[in-house]
Structures are given as C-alpha cells and as structure tokens.
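Asker: no letters, just coordinates:
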C-alpha cells in the first residue's frame, strides 16, 4: 500500500490512497458493488481492476489503444470503449493471472465518445461519427464479434446511451436527444 503523499491543508479532503497507473489519463472508473473492486483504463491502453481494500492491482488487460469515455460493468463483464472505435469485454473477476486478455471485441468503426450502457443482455455504444451501436453483451463465441445493430443520429454522440422502457437514448453535438426503439 502506498503512503499518503499529501499533507493536511486546512479543511481540504485528503485521498485515502493513490495507485499509480500507466499513461497520463484514466477514464471515469466504475465499481463492482459488494466485491470491493474499482475498474478504470488509461490512454496508454491498459484496463485495470484494483482492490479498494488493499489497493493492489488484481489484474490488467491490454486494449492496444487509448480508453475513452468511461467504462461499463454488467453481468460480470467489464466493457472498455476505445479511441480506435473498438469495444473490449473482459471478465470482471479476471482470468486467474495478473494480465488478462479480452473475452471478445467488437468494432463501432469510429472513436467511441461516451460510456457504454448495458441492459437486457446488450451493450450500447455511441461514436464520434454519430452512430449508436449495440453488441451482444455475452459475445458471439469468437474473438471478434459483430454489432447486432447500429443507427445514425446525424451528429457525433456526446451523451448517453441510456436505456429505458424499450428505448435507447443518446445526446448529440448538435443539441438533440435521440431515442431509438429497440428491436
């Protein structure tokens, strides 16, 4: 465990712990409730699972390019979107080794710009080219899986996706919220 390098400064809140990562930027983390694990990924192309109690890295996984937008966690799978337009799926509980390979990957064809959403066995993504895409959250039995559907919005996606009542919602750079009925 690292010692706290921060000195008390009046009423400022101090970190409980700090874990150094590769790269210069970490995406917004997600937490696994009840498991005490925080997940993040970096612009250096590495996904991390960190034990919040011990501050040890449980496992890492290479994604080969910068992570972007934020991560999603659903049904024991960690979904990592990338600047290269790929979506990687890792077993959240790891692979039994310090370094894990993705269970599968899918391509959206353009830089993913937002945190994915997972609902009903599907993972939804949004891209810089203005396309909403969906993949089977369980994969397809291969290392590279196809998207099961995609639809254009006409503008880059900056908000969402959110899933509710049989629809997926995204925000766009031209100031719209777009809703799609799910197939």
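Answerer: Cool, the structure landed. Computed from a predicted structure; not experimentally measured.
Asker: what sits against the nearest residue to residue 177 once chain neighbours are set aside?
Answerer: Once flanking residues are discounted, residue 177 sits nearest to residue 171: 5.5 Å by C-beta to C-beta, 6 or more residues apart in numbering. C-beta: built from backbone N, CA, C; applies to glycine. Contacts for residue 171 (C-beta atoms under 8 Å, 6 or more residues apart in numbering) come out as 157-160, 177-178.
Asker: quick check: which element contains residue 171?
Answerer: Using DSSP states H and E, residue 171 falls within strand 167-172.
Asker: quick one: strands adjacent to that strand?
Answerer: The strands beside strand 167-172 in its sheet (DSSP bridges) come out as strand 157-164 (antiparallel), strand 177-181 (antiparallel).
Asker: quick one: closest of these to residue 19.
Answerer: Nearest to residue 19, of all the strands paired with strand 167-172, is strand 157-164, at 29.2 Å by C-beta to C-beta.
Asker: can you point out the buried residues in that closest one?
Answerer: 157-161, 163 (16 or more other C-beta atoms under 10 Å).
Asker: any chance of CSV for those residues, columns pLDDT and distance to residue 138?
Answerer: Shown next, in CSV, are these (pLDDT from 0 to 100; distance: C-beta to C-beta, whole Å):
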residue, pLDDT, distance to residue 138
157, 93, 24
158, 90, 28
159, 84, 26
160, 77, 22
161, 94, 18
163, 96, 17
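Asker: partner residues bridging the residue nearest to residue 135 when sequence neighbours are not counted?
Answerer: Nearest non-adjacent residue to residue 135, counting by C-beta to C-beta, 6+ apart: residue 106, 4.5 Å away. When assigned by DSSP bridges, residue 106 has beta-bridge partners residue 87, residue 145.
Asker: which ones are touching residue 106?
Answerer: 86-87, 133, 135, 144-147.
Asker: what's the pLDDT at it?
Answerer: The score at residue 106 is 95. That number is its pLDDT.
Asker: who's in contact with the most centrally placed residue in the chain?
Answerer: Centroid-nearest residue in the chain: residue 71, 1.8 Å away (criterion: C-alpha atoms, centre = their mean). Neighbouring residues of residue 71 by C-beta under 8 Å, 6+ apart: 27-30, 39-41, 47, 78-81, 115-116.
Asker: highest neighbour count among the residues you listed?
Answerer: residue 41 (31 neighbours; other C-beta atoms under 10 Å).
Asker: any figure for the gap between that one and residue 134?
Answerer: Separation of residue 41 from residue 134 (C-beta to C-beta, to the nearest Å): 21 Å.
Asker: just residue 46 next, same as before
Answerer: For residue 46 relative to residue 134 (C-beta to C-beta), the value is 26 Å.
Asker: rewinding a little: in the strand holding residue 171, what counts as buried?
Answerer: Using 16+ other C-beta under 10 Å as the test for burial, strand 167-172 gives 168-172.
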